[in-house]
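J.: give me a 3D structure for the following:
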Amino acid sequence: MPDATQDPTIRLFAFGTGWGVPFETSGPFPLKLATWLRMAEIPYEFEEENNPSKGPKGKVPWIEQGTVHMGDSSLIIEHLAARHGVDLDDHLDGAQRARAVAVQRMLEEHFHQCFEHQLFLGRGGEERMAEFASALPIPLRWIVPTVMKRALAKQLHARGMGRHAPEVIVQQGIEDLDALSELIGEGPYALGDRPSSLDACVFGFLGVSVYVEGDNPLFQHGASLENLVGYCERMRARYFPETLTPLEDSESSPTPEPSGPEPTPRVAAS
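T.: Modelled structure (predicted):
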């Protein structure tokens with residue numbers, strides 16, 4: 001296996017943050033990838049890029065590392081896991097691996113549509129779209145909101161979700177969150193006592209949902225599920241500690257878990 005320690009630093013390109021999300025990006029797939037990189041202890045540099053057409057697949061996230069330009073979070077993770085000899089799932093049994101596939105598909109193929117619809121086409125969507133566009137140069141900030149809303153509505157209609165009434169979309173998203181809440185239960189991580197690669201995906205979607213400001217019913221429901229919020233706070237404390245409010249600044253804030261269970265053993269690169 002090549003010596004990955006000699007590789008150039010990974011540059012992660014993704015949407016910037018917004019609407020109250022406390023992480024460097026407010027995109028679920030970018031946050032998934034950033035979380036996995038931190039779980040795998042692979043250094044990266046974050047590059048805010050709100051124009052997905054610049055990426056190799058015309059969407060975010062993507063990475064650049066020397067001559068490697070790669071898009072799609074799952075393909076990037078697969079590539080980097082092989083390159084660095086990382087296996088965050090070596091402790092999982094067959095049933096857990098099957099559950100991981102099912103949960104990932106639910107979040108990435110179904111909940112993602114509910115999330116996108118409510119983020120920009122649901123309650124508070126106009127304000128969030130305006131906030132997103134404000135980061136763009138003139139005249140794009142005047143044009144993008146209308147073009148993006150039309151494109152998103154057309155895409156969601158083609159996939160089927162956009163054919164439903166808004167209240168149906170909200171309800172289906174709520175059902176996804178409720179199912180995830182039942183599956184996680186009171187466990188510290190998505191599949192039990194030790195983190196796995198599924199946690200990168202779960203946190204990627206929950207992290208950009210439960211912290212969204214405003215009174216959107218889908219995101220408010222996620223924030224009302226105590227075990228999901230507790231899960232997010234544990235993941236923040238372990239992998240994104242810089243996003244936590246210092247205790248001295250908020251006496252009412254709970255003391256975060258400083259490090260969680262021992263990190264998952266990594267296969268050494270040869």
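J.: quick one: low-confidence parts of the stretch 1-150 of the chain?
T.: The model of the stretch 1-150 of the chain has pLDDT under 70 over residues 1-2.
J.: try 90
T.: 1-7, 50-53, 130, 132-148 (pLDDT under 90).
J.: in the stretch 101-250 of the chain, which spans are helices?
T.: Secondary structure of the stretch 101-250 of the chain (DSSP state H, counting those that start in this stretch): helices at 112-120, 125-133, 140-159, 166-184, 197-207, 217-224, 226-239.
J.: deepest-packed of the ones you listed, please.
T.: Ranked by mean neighbour count, these are led by helix 197-207 with a mean of 26 (mean count of other Cβ atoms under 10 Å). For every residue, glycine as well, the C-beta is placed using N, CA and C.
J.: which other helices and strands does that one contact?
T.: If you count contacts as 3 or more Cβ pairs under 8 Å, 6 or more residues apart in numbering; DSSP states H and E, helix 197-207 packs onto helix 28-39, helix 73-84, helix 94-105, helix 166-184, helix 226-239.
J.: so what angle separates the directions of it and helix 28-39?
T.: 130 degrees (axes from the mean of the first three to the mean of the last three Cα atoms, to 10 degrees).
J.: contacts for helix 197-207?
T.: Residues from elsewhere that reach helix 197-207 (Cβ atoms under 8 Å, 6 or more residues apart in numbering): 21, 23, 28-33, 35-36, 39, 73, 77, 88-89, 100, 103-104, 107-108, 111-112, 115, 180, 184, 189-191, 222, 228, 231-232, 235-236, 239.
J.: rewinding a little: export the helices of the stretch 101-250 of the chain to JSON lines and tack on distance to residue 48?
T.: As requested, the helices of the stretch 101-250 of the chain are arranged in JSON lines below (distance: least, Cβ to Cβ, whole Å):
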{"stretch": "helix 112-120", "distance to residue 48": "18"}
{"stretch": "helix 125-133", "distance to residue 48": "12"}
{"stretch": "helix 140-159", "distance to residue 48": "15"}
{"stretch": "helix 166-184", "distance to residue 48": "27"}
{"stretch": "helix 197-207", "distance to residue 48": "17"}
{"stretch": "helix 217-224", "distance to residue 48": "22"}
{"stretch": "helix 226-239", "distance to residue 48": "19"}
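J.: what about the ones you listed, which gets the closest to residue 94?
T.: Between residue 94 and the helices of the stretch 101-250 of the chain, the tightest spacing by Cβ to Cβ is seen for helix 197-207, at 14.3 Å.
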